[in-house]
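[1] Structure of the sequence below:
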Amino acid sequence: MATDRMQRPRRGNRYTRRVELRLTPQQRQKLQKIADSKGLNLSQTIRVVVLGEKPPGLTGITRELFYELSRMGNNLNQIAKVLNCAPLYQIPLPASEIIALKGDLQLAMNFIKVLQVKLEQ
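    Okay, the predicted model is just below:
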């Protein structure tokens with residue numbers, strides 16, 4: 001079963017060959033910054049950047065952001081369904097609260113857009 005994640009290779013395709021690379025301290029620091037920005041280690045970074053392999057799946061804070069974004073999206077969908085399925089006069093909320101909820105939803109949607117941008121980086 002193929003996935004989009006960089007995983008440990010299966011038995012026949014293990015990473016068994018080592019490559020030594022000589023870098024200046026500045027080059028090493030630059031490579032480490034790239035790796036840190038992508039949330040990868042140096043080997044993974046080289047495989048992704050040089051060989052074009054797909055990066056590994058979600059890890060650490062990225063995974064937490066993804067799940068939080070997913071939960072927020074589910075909540076927004078549930079709220080939207082209620083608001084779209086029932087006429088406004090049937091919703092047991094005063095108009096002022098509905099207007100306030102609309103503002104809250106807009107803030108949440110803006111926050112989700114910011115998280116999406118961070119996840120794409």
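[2] CA only for contacts and neighbour counts going forward, please
    Will do.
[3] Just give me the neighbour total for residue 19.
    Counted by other C-alpha atoms under 10 Å, the residues lying close to residue 19 total 6.
[4] so where do the helices sit in the protein?
    Along the chain, counting by DSSP state H, helices occupy 25-38, 42-49, 60-85, 95-120.
[5] what does the first one rub up against?
    Among residues not part of helix 25-38, those counted as contacts by C-alpha atoms under 8 Å, 6 or more residues apart in numbering are 41, 42, 44, 45, 121.
[6] what do you get if the cut-off is 10 Å, keeping everything else the same?
    21-24, 39-46, 48-49, 55, 119-121 (C-alpha atoms under 10 Å, 6 or more residues apart in numbering).
[7] Buried ones among these?
    By neighbour count, with 16 or more other C-alpha atoms under 10 Å, the contacts of helix 25-38 hold 39, 40, 42, 44, 45, 46, 48, 55 as buried.
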